[in-house]
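Visitor: Predicted model, plus sequence, below.
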Amino acid sequence: MTIAFGTKLGRYEIRSQLGAGGMGEVYLAEDTSLHRKVALKILPADLASNQDRMRRFDQEAMAAASLNHPHIAHIYEIGESEGVHFIAMEYVDGETLREKIHRDKASLPKLLKYLTQVSDGLSKAHAAGIVHRDLKPDNIMITRDDYAKILDFGLAKLLEAQRSPGYGDTTSSEVATAFVPHESLPGTVLGTVGYMSPEQAQGKTTQIDHRSDIFSFGCILYEAATGRRAFEGKDALDSLHKIVHAPTPQISDINPAAPAELQKIVRRCLAKDPEKRYQSIKDVSIEMEELRHELQEEAGLDGSVQPRSTIGVASTGGALASTTSAIQSAAGTAQIEAARTTSSAEYLVTQIKRHKFGSAFVFGLVAVAIAGAAYALYLLTSPKKTALSFQSAAFTRLTSTGRATGAAISPDGKWLVHVVDDGGKQSLWLRQVAITNSNAQIVPPAEVYYQGVAFSPDGNYVYYTVREQSNSKGTLYQVPVLGGTARRVLTGINTSVTFSPDGKHIAFLYFYEDEDRLMIANADGTGERQVAERHGNEFFYLGAFSALSWSPDGKTLASPVGNSHENYMSVATVSVASGEIEFFTPQKWDTVKQVAWLTDRNNVLITAREQVSSPFKIWKLSYPGGEAQRLTNDLNSYPAISLTADSSLLATVQTETVANIWVAPTGDNQHATQLTSGRNLNFAPSWTPDRKIVYASDADLYSIDSRGGTPRQLTANSRANDGPSIPSDGRYIAFVSDRAGVPCIWRMDMDGGNPKQLTDGYDVSPHCSLDGHWLVYVHISNAGTIWKVPIDGGPPAQLTERPSYSPAISPDGQQIVCSYLEEPNSPVKLAILPLEGGRPIRTFALPNGFPETNLRWTTDGRAIVYGVRRGSVSNLWAQPVDGSASKQLTNFMSDLIFSFDFSADGKGVALSRGTQTSDVVLISNFK
């Protein structure tokens with residue numbers, strides 16, 4: 001039956017028909033509750049009438065609905081309305097893989113990219129015990145943003161239930177799950193001729209498991225490489241016979257240019273005996289990813305060339321000279337990473353990384369504070385000291401650019417290598433520690449991200465990991481300190497390396513979808529072997545400059561580890577021999593980044609932060625007791641550490657931030673006025689109706705007149721408070737506080753009285769509607785999603801499903817804008833959504849590929865305003881919602897903007913502005 005336009009099935013309203021087949025008709029529908037498009041699959045009456053079959057199908061479909069993976073189209077609901085049974089699924093706007101292969105003639109590297117994503121999705125499903133059973137190019141959609149999604153998980157079992165084994169009618173044509181017609185045989189085990197496994201083709205239902213999907217995947221892979229089906233026959237019966245009996249065809253017979261490694265992968269996928277196939281699609285995924293990297297490197301598709309560096313030591317004065325060739329950069333996906341201010345959004349990105357949602361998006365840190373860097377969450381629980389706890393230590397600044405992001409000191413303490421970030425381009429430098437002004441550039445500036453630097457134990461080589469901004473995986477290079485050519489050691493790596501005491505081996509981490517692997521290899525990159533792995537909620541930390549540490553006796557590795565479900569990180573040891581992982585401290589942190597073993601083996605130094613937006617501190621952990629002692633207690637951040645071989649010298653990156661509150665007439669920064677002064681950390685300004693500014697400072701909220709004066713403290717002795725937001729009616733101040741033990745959204749009167757808790761936990765970034773009815777916020781569990789709650793109290797409602805943060809409600813109260821991640825490996829975008837939630841109505845690109853401040857609407861609702869950083873200077877820009885070109889609103893010549901807010905009449909803007917410097921500091925005499 002055909003359902004008319006406008007018909008409602010439950011909360012779904014039919015918009016148009018998308019297709020029809022053996023599994024029923026498929027319609028485009030509108031979810032009237034969440035205001036999003038869905039694909040509504042109407043089940044045929046003869047299938048739906050069998051209650052036993054429907055019960056089994058419901059069980060399978062509900063299991064499939066639990067899958068949450070970026071390359072699997074999500075099942076929202078299995079429902080019934082007025083006798084019509086339907087499945088509401090994610091609507092994927094795009095083309096089928098079949099169309100990409102045969103109509104668009106997409107290149108092999110691009111098709112391999114899609115199929116690698118498909119293998120990642122299959123791996124997730126197989127791990128949950130779910131088999132697709134009808135995998136084919138028609139069931140794989142390529143979105144408008146160029147990402148693959150598998151359709152119809154959980155639906156195959158329904159059609160299979162009505163069939164008996166056997167070939168059946170070989171003249172019929174039936175579609176099981178695809179929108180595009182293609183032949184499936186009635187009276188057989190479900191599967192599409194040409195993509196069935198031998199056990200499917202022979203009706204061996206009890207033998208069908210995840211390895212059947214691997215065979216189907218091999219058929220698709222062959223077709224992508226050749227443009228033809230692997231077992232194409234003169235008719236369906238002939239094709240089935242070839243699937244069962246014919247040898248695996250050679251790709252090279254049709255496409256001689258295809259890599260030989262691809263034929264090996266296809267041959268193992270298409271083994272007739274399931275026992276001789278790959279036993280896990282994860283193994284296929286790993287080999288596919290490695291093949292893709294090899295093809296990219298050979299063709300130069302990843303935009304990189306091997307850097308050739310020579311570093312010479314002059315015969316007089318020890319001056320350094322260098323000659324290098326540039327690392328070319330490729331345009332593409334923006335990456336959220338820089339050594340800038342910490343923020344609640346940085347925490348969100350860490351959560352996204354922990355949940356493995358997106359590989360390119362997840363590595364690293366969001367830059368300048370979004371909605372105000374909440375240092376308050378750290379300060380209240382930290383000792384109120386201004387001096388370092390290295391009581392007898394001497395501090396020597398080794399760089400003065402203010403733009404260092406990572407560093408390593410040589411084992412003998414004579415050399416320092418460090419990374420400089422200048423306006424989004426990063427470069428690598430080497431200097432002699434004892435000689436001032438001896439800096440030499442090893443690798444020139446390029447649009448790349450350095451993931452780690454290290455010296456070999458003999459001090460003769462620098463090892464550095466670097467990746468293109470358009471690539472989620474990096475490459476490890478080795479270059480002689482005394483001059484020579486850089487040599488590629490490993491690909492697909494995203495961390496620094498640590499050396500065994502004898503210098504013969506390196507340890508490092510690999511990141512795969514839903515799995516982190518601790519690896520050991522020879523120092524030249526050969527002989528890789530896996531030592532340990534963590535998967536699901538358990539992870540190793542894989543951010544930029546994350547680092548393992550090899551124990552002095554060579555038997556143990558120390559590593560940052562964490563649990564994304566419980567939102568904590570700690571430190572564990574890993575046995576080199578057995579791979580056994582043991583926690584050796586009960587202490588938990590928000591993030592642990594680097595680990596460095598002291599020579600005595602009785603202590604380990606780490607860089608860690610305790611709260612969502614606290615600065616990184618240096619800690620000492622006793623071994624094996626695990627007692628934790630914080631060594632730095634000032635306001636600075638110490639994200640990177642490196643020790644000499646005798647542990648007598650410690651090189652660290654020291655980041656200092658100063659932020660004060662300013663006000664200016666909108667569009668007239670020449671008349672900006674500074675309201676607060678000193679070396680403060682004042683963030684998140686918010687206007688009141690009577691033109692005061694409420695802001696966060698030192699764990700409390702303050703109010704100050706926009707014309708100047710003495711700040712008035714609004715909170716006290718209530719743990720950490722941050723992120724104020726005020727509606728135009730001026731009834732309340734909404735804010736974040738951990739006074740209940742975890743960050744929650746609270747409200748209080750304008751004088752700080754009558755506080756009331758509005759949410760239950762792990763919530764940040766509140767923003768109130770002008771009418772004072774609603775506030776939106778970010779719930780930071782499960783990668784970060786936006787919710788709303790009545791400001792007078794009531795149940796919260798989820799608005800987004802994808803990672804999203806920094807929300808702001810439009811002046812008319814009908815829409816929100818936020819930073820939004822639609823797909824893995826894609827840039828973060830500005831997104832406008834209905835206040836009721838759902839998918840974005842409109843999206844916009846961001847200048848640097850990620851947000852650098854909070855977001856605000858202009859008072860007329862015609863544009864979205866955000867901060868853009870160029871080097872060490874930030875300015876406000878406006879993106880018109882009509883899609884026209886963005887425009888610069890301010891023209892500051894100095895300082896960064898961390899957060900801002902417009903007055904209700906739009907005539908004034910309050911800003912948190914200041915400076916941030918990061919330099920390498922050498923600490924000595926600290927024992």
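Guide: Received it, and whenever you're ready, just let me know what you need.

Visitor: looking at the protein, which helix or strand does the model trust least?
Guide: Ranking every helix and strand in the chain by mean pLDDT, DSSP states H and E puts strand 320-324 at the bottom, with a mean of 24.

Visitor: So which bits of stretch 498-515 are buried?
Guide: By 16 or more other Cβ atoms under 10 Å, the buried positions in stretch 498-515 come out as 498-500, 505-515. Any C-beta I mention is one placed from the backbone N, CA and C, and that applies to glycine too.

Visitor: With just CA atoms, put that stretch into PDB.
Guide: Below are the C-alpha coordinates for stretch 498-515, written out as PDB (Å, rounded to 0.1, in the frame of the first residue of the first chain):
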ATOM      1  CA  THR A 498      59.600   6.000  25.100                       C
ATOM      2  CA  PHE A 499      62.800   4.000  24.900                       C
ATOM      3  CA  SER A 500      63.900   0.900  26.600                       C
ATOM      4  CA  PRO A 501      67.000   1.500  28.900                       C
ATOM      5  CA  ASP A 502      69.300  -0.200  26.400                       C
ATOM      6  CA  GLY A 503      67.900   2.000  23.600                       C
ATOM      7  CA  LYS A 504      67.000  -1.000  21.400                       C
ATOM      8  CA  HIS A 505      63.200  -0.800  21.600                       C
ATOM      9  CA  ILE A 506      60.500   1.900  21.600                       C
ATOM     10  CA  ALA A 507      57.000   1.800  23.100                       C
ATOM     11  CA  PHE A 508      54.100   3.800  21.800                       C
ATOM     12  CA  LEU A 509      50.300   3.700  21.400                       C
ATOM     13  CA  TYR A 510      48.000   3.000  18.500                       C
ATOM     14  CA  PHE A 511      44.400   4.200  18.400                       C
ATOM     15  CA  TYR A 512      41.700   2.300  16.600                       C
ATOM     16  CA  GLU A 513      37.900   2.600  16.800                       C
ATOM     17  CA  ASP A 514      36.900   1.500  20.300                       C
ATOM     18  CA  GLU A 515      40.400   0.100  21.000                       C
END
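
Visitor: Give me the domain ranges for the protein.
Guide: Split into domains by automatic domain parsing, the chain comes to 43-299, 305-326+401-491, 495-647, 657-918.

Visitor: ok now the second one, how far from the chain's centre?
Guide: Here the centre of domain 305-326+401-491 is set off from its chain's centre by 27 Å, with Cα atoms, centre = their mean, to the nearest Å.

Visitor: Confirm for me that Phe624 is in contact with Phe584.
Guide: You called it Phe, but residue 624 is Pro. Yes - between Pro624 and Phe584 there is a contact under Cβ atoms under 8 Å: 5.5 Å.

Visitor: Compare the two (neighbour count), which wins?
Guide: Phe584 (18 against 12; other Cβ atoms under 10 Å).

Visitor: now the strands for the stretch 601-750 of the chain?
Guide: Remark: strands assigned in the stretch 601-750 of the chain by DSSP state E, counting those that start in this stretch are 603-609, 617-622, 628-630, 637-643, 649-665, 673-674, 682-687, 692-697, 700-705, 712-713, 721-725, 732-737, 744-749.

Visitor: Dump these to JSON lines, plus mean pLDDT.
Guide: Listed next are these as JSON lines, based on pLDDT from 0 to 100:
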{"stretch": "strand 603-609", "mean pLDDT": "93"}
{"stretch": "strand 617-622", "mean pLDDT": "92"}
{"stretch": "strand 628-630", "mean pLDDT": "89"}
{"stretch": "strand 637-643", "mean pLDDT": "93"}
{"stretch": "strand 649-665", "mean pLDDT": "93"}
{"stretch": "strand 673-674", "mean pLDDT": "94"}
{"stretch": "strand 682-687", "mean pLDDT": "93"}
{"stretch": "strand 692-697", "mean pLDDT": "95"}
{"stretch": "strand 700-705", "mean pLDDT": "95"}
{"stretch": "strand 712-713", "mean pLDDT": "94"}
{"stretch": "strand 721-725", "mean pLDDT": "94"}
{"stretch": "strand 732-737", "mean pLDDT": "95"}
{"stretch": "strand 744-749", "mean pLDDT": "96"}
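
Visitor: So which of the buried residues of stretch 498-515 is the closest to Gly883?
Guide: Glu513 (33.9 Å; Cβ to Cβ).

Visitor: Tell me the confidence at the closest one?
Guide: pLDDT for Glu513: 62.

Visitor: do the one 5 residues further on as well
Guide: Reading off the per-residue confidence, Leu518 sits at a pLDDT of 93.

Visitor: My guess is it contacts Arg529. True?
Guide: No - contact criterion Cβ under 8 Å: Leu518 and Arg529 do not qualify, at 10.2 Å.

Visitor: Of those two, which one has the most company?
Guide: Set Leu518 next to Arg529 and count neighbours by other Cβ under 10 Å: Leu518 wins out with 22 against 10.

Visitor: Just list whatever residues bridge to that one.
Guide: Leu509, Ala532 (DSSP bridges).

Visitor: which residues touch it?
Guide: 507-509, 530-533, 540, 548, 557, 559, 574, 579 (Cβ atoms under 8 Å, 6 or more residues apart in numbering).

Visitor: Asn603 too?
Guide: Counting by Cβ under 8 Å, 6+ apart, the residues that Asn603 touches are Trp597, Lys620, Leu621, Ser622, Tyr623.

Visitor: so how many other residues sit close to Gly861?
Guide: Neighbours of Gly861 using other Cβ under 10 Å come to 14.

Visitor: what about the stretch 201-350 of the chain, any weak spots by pLDDT?
Guide: Filtered on pLDDT under 70, the stretch 201-350 of the chain yields the residue ranges 293, 296-350.

Visitor: For it, which segments count as strands?
Guide: Under DSSP E, counting those that start in this stretch, the stretch 201-350 of the chain gives strands at 309-313, 320-324.

Visitor: picking that back up, switch the domains of the chain over to CSV, and while doing so, append distance to Ser924 to every line.
Guide: Compiled in CSV, the domains of the chain are given as follows (distance: least, Cβ to Cβ, whole Å):
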stretch, distance to Ser924
domain 43-299, 42
domain 305-326+401-491, 9
domain 495-647, 10
domain 657-918, 20
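
Visitor: Of all these, which one is nearest Ala4?
Guide: Among the domains of the chain, domain 43-299 sits nearest to Ala4 (Cβ to Cβ), with 12.6 Å.
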